[in-house]
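Engineer: Sequence first, predicted coordinates after that:
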Amino acid sequence: MKKEKWLILIAALLLVSVFAGLSACGGNKTTSSTVAVTDENGEVLTDANGNPITAVLQGEIVELTNANGEKIYDENGEVRTTVIYGEQQIAVPVTDENGNLVYDEAGNLVTTLVAYTTTTVGSGGITGIPITDSNGNIVTRPNGDPLTYTATYTVTPALPGQNTVNWSSTFGGTGGDAFVDAAATPDGGFAALVQANSKDGSMASLAGDSAAPIPVLIKYSRRGRLEWRQIVSSDSGVQAMGLAVDENGNIAVCGLTRATNLGFAAAGDYDAVVFKFNDDGELQWTKNFGGSRADGFEQIAAAPDGGFVAVGYSSSSDGTGASLGLSAARSAPIVVKFGADGSIAWQRAVGATGDTLTSVAVDTDGSVYAAGSFTSSGANSLFTSYGRADAGLVKFSSSGEQQWVQQFGGSRVDNFLAVTAASDGGCVAVGRSASRDRTMSKLSNNGGYDAIMVKYNANGSIAWQSVVHGLLDDCFTGVCATEDGYALAGYTNSSNSDFRKVGNRGGTDAFLVRTDASGKVLENTLQSYGGTRDDRFNGICALESGELVACGATLSTDGDLGGSAPASDGKNTVGMIARFEAAKD
């Protein structure tokens, strides 16, 4: 008897996933997709007449709901939908042991029925997994590096609705786009900042003749409805890096640019720049900072006097930053305080070449906390690094006087990527760490990078430190204060330890978590968001309602991103933004 070889059915035209566990609503519409039958090499199979052999898959359009069974809405107030394809009986041709089609005595192609359900499967891969002993402790070599083994892992289809998202949206085209940050507004809504490199998709009616990248400022109502969009059009592009909203609803955007048509004379290579908009999206002023070399702003925060404080870097010894005192061979992180009218109140340089300030927060008394990563040594360095890079935090008074510097980390790489002012004084800085010694000795390390959070008192002493980790890379990229603690967002590759309940959907998953005021992770608040490709959150904010808004970028088109439009083309990211329900009592 001939050995039969099953041919593979590839649903090449499908852009949606099959999602188990979704509940279909009454009156759902049906849909269908015609797919080609291919062999194991991806070649389309044809019948005796040379026509492609196809199959029609029947699907059902359903409304998306979250883990609590509540509908998920988009920025237009519409319920998001996706398509479920159930099991289909497909007639698949039979081949002999040589791969030739089998025909019966009458010359008809022999087929057999196969039950087929379309799925989305990630690429999987090989990764190093730390070896643990019977107590769950990582086994290390004499030099402290973990012993690892290699394992093949597979990615299962992503399921939507395994979180408390009640609203979500995407933005972008085919050029690579991302939400940079989001901030709550006084009216109960929120603003979000996109860096767009696309000219199609969401940008088709916005980009005009502007060079890329293009900052896009978006305002949403308290219900998540789109209120307005505003772009910064330029002749050389503007890299959007940071966003802040003051108590009157004014919005500041910071970044860097080489543009010459923004209303100021370009000072040099790259200029650091700040744009201030009112609550209707109207531009109030634009201010550049820097000299003849490269300068840029990384993040910005609102000050209680109506001004803004920006952090970044400068390589210039001339121009508006001349008073920083940088030599021609030195670059350094900078802190610049702008008044409400855009005038410079004060400016400071801290550290040396190789150091960065990536985030800033301002307390209610005007105190400034600037956080980042420090690698320099020697003259002008703030401290001697424990390892390859240490997280660092610098506090300034409201008038710009440096009050203290704190170093955090160990013998490997440690970074602070975000900081927020604490309601009881001081601040909370978050980021990632690969160390297990020095100031990380209390937290240790679970493999790769661990997501870290550190609470500093107003005098610079550490109040508490905490960690969220799996066996792979985990990182916090955003933090905000909530009514009873803090909310943090980031990304992870892990599916074990602290992430064992949510697992991993494929590649990098975006996630968020809530803590109490002492940094203890609140039970059942760690939630992931994304699909089977890479997803990450870049920022997070807490709304007046207690809901959380997290934003970032994605390559996924399934899972929580199923049915989204615009969607990633698989090569370039689109921006993603989602709102999560308020904490339950």
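Structural biologist: Structure's in. What do you need?

Engineer: Now the nearest residue to Lys455 once chain neighbours are set aside: which helix or strand?
Structural biologist: Distances taken as Cβ to Cβ, 6 or more residues apart in numbering put Ala463 closest to Lys455, at 4.2 Å, once the chain neighbours are dropped. Bear in mind the C-beta positions are built from the backbone N, C-alpha and C, glycine included. Per DSSP states H and E: Ala463 is located in strand 462-468.

Engineer: Repeat that for Pro215.
Structural biologist: strand 214-220.

Engineer: and that strand, which strands flank it?
Structural biologist: Applying DSSP bridges to the sheet, strand 214-220 is found paired with strand 190-196 (antiparallel), strand 226-231 (antiparallel).

Engineer: Now that Ala451 has come up, it's in contact with Leu472, right?
Structural biologist: No. With contact defined as Cβ atoms under 8 Å, Ala451 and Leu472 do not form a contacting pair (11.4 Å).

Engineer: joint contacts of these two?
Structural biologist: Residues touching both Ala451 and Leu472 (Cβ atoms under 8 Å, 6 or more residues apart in numbering): Thr492.

Engineer: re earlier: minimum distance to Ala301: which of the strands paired with strand 214-220 has it?
Structural biologist: Evaluated over the strands paired with strand 214-220, closeness to Ala301 peaks at strand 190-196, with 13.7 Å, by Cβ to Cβ.

Engineer: can you give me the mean pLDDT across the closest one?
Structural biologist: On average, the pLDDT along strand 190-196 is 98.

Engineer: got it, and stretch 220-228?
Structural biologist: Mean pLDDT, stretch 220-228: 97.

Engineer: buried stuff in that stretch?
Structural biologist: With burial defined by 16 or more other Cβ atoms under 10 Å, the residues of stretch 220-228 counted as buried are 220, 224, 227.

Engineer: show me what contacts the first one?
Structural biologist: Yep, that's Tyr220 we're talking about. 75, 189-192, 226-227.

Engineer: Please apply the same query to the second one.
Structural biologist: When contacts are counted by Cβ under 8 Å, 6+ apart, Gly224 touches 73-75, 77, 167, 169, 579.

Engineer: and with 10 Å instead?
Structural biologist: Going by Cβ atoms under 10 Å, 6 or more residues apart in numbering, Gly224 touches 73-77, 166-169, 189-190, 543, 547, 549, 577-579.

Engineer: which residues sit in contact with Asn248?
Structural biologist: Residues near Asn248 by Cβ under 10 Å, 6+ apart: 185-186, 278-279, 302, 306, 340.

Engineer: pLDDT wise, what is it at?
Structural biologist: 97.

Engineer: Please apply the same query to the one 5 residues further on.
Structural biologist: As predicted, Val253 sits at a pLDDT of 98.

Engineer: Okay, and the beta partners of it?
Structural biologist: Applying DSSP bridges, one finds that Val253 bridges with Leu243, Phe275.

Engineer: Using the three-state scheme, assign the closest residue to Glu483 other than its chain neighbours.
Structural biologist: With sequence-adjacent residues excluded and distances taken as Cβ to Cβ, 6+ apart, Glu483 is closest to Gly546, at 6.5 Å. Assigned by DSSP: H, G, I helix; E, B strand; the rest coil, the conformation of Gly546 is coil.

Engineer: Pull the contacting residues for Gly546.
Structural biologist: So Gly546 contacts 482-484, 580-584 (Cβ under 10 Å, 6+ apart).

Engineer: for Thr257, same thing?
Structural biologist: 211, 213, 215, 232, 234-240, 264, 266, 270-273, 286, 288, 296.

Engineer: how about 7 Å then?
Structural biologist: 234, 236-239, 270-271, 273 (Cβ atoms under 7 Å, 6 or more residues apart in numbering).

Engineer: okay if I get the residues you listed as CSV plus distance to Lys520?
Structural biologist: Below are the contacts of Thr257 laid out as CSV (distance: Cβ to Cβ, whole Å):
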residue, distance to Lys520
Ser234, 46
Ser236, 48
Gly237, 44
Val238, 41
Gln239, 37
Tyr270, 42
Asp271, 44
Val273, 40
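
Engineer: out of those residues, who's nearest Asp560?
Structural biologist: Gln239 (27.7 Å).

Engineer: Give me the distance from the helix or strand harbouring the closest one to the chain's centre.
Structural biologist: Using DSSP H and E, Gln239 sits in strand 238-245. With Cα atoms, centre = their mean, to the nearest Å as the basis, strand 238-245 stands 15 Å off its chain's centre.

Engineer: Now it: average pLDDT?
Structural biologist: For strand 238-245, mean pLDDT rounds to 97.

Engineer: Restrict that strand to CA atoms and write it as CSV.
Structural biologist: Extracted C-alpha coordinates of strand 238-245, given in CSV (Å, rounded to 0.1, in the frame of the first residue of the first chain):
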residue,chain,number,x,y,z
VAL,A,238,11.5,66.3,14.5
GLN,A,239,12.2,63.4,16.8
ALA,A,240,9.5,63.4,19.4
MET,A,241,10.8,62.2,22.8
GLY,A,242,8.7,63.5,25.7
LEU,A,243,5.3,64.8,26.7
ALA,A,244,3.9,66.8,29.7
VAL,A,245,0.6,68.4,30.7
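
Engineer: Which strands or helices does it pack on?
Structural biologist: strand 177-184, strand 190-196, strand 251-257, strand 295-302 (3 or more Cβ pairs under 7 Å, 6 or more residues apart in numbering; DSSP states H and E).

Engineer: so which of the ones you listed gets nearest Pro566?
Structural biologist: Going by Cβ to Cβ, the one of the helices and strands packed on strand 238-245 nearest Pro566 is strand 177-184, 8.7 Å.

Engineer: what's the spacing between that closest one and its chain's center?
Structural biologist: 9 Å.

Engineer: No further questions, thank you.
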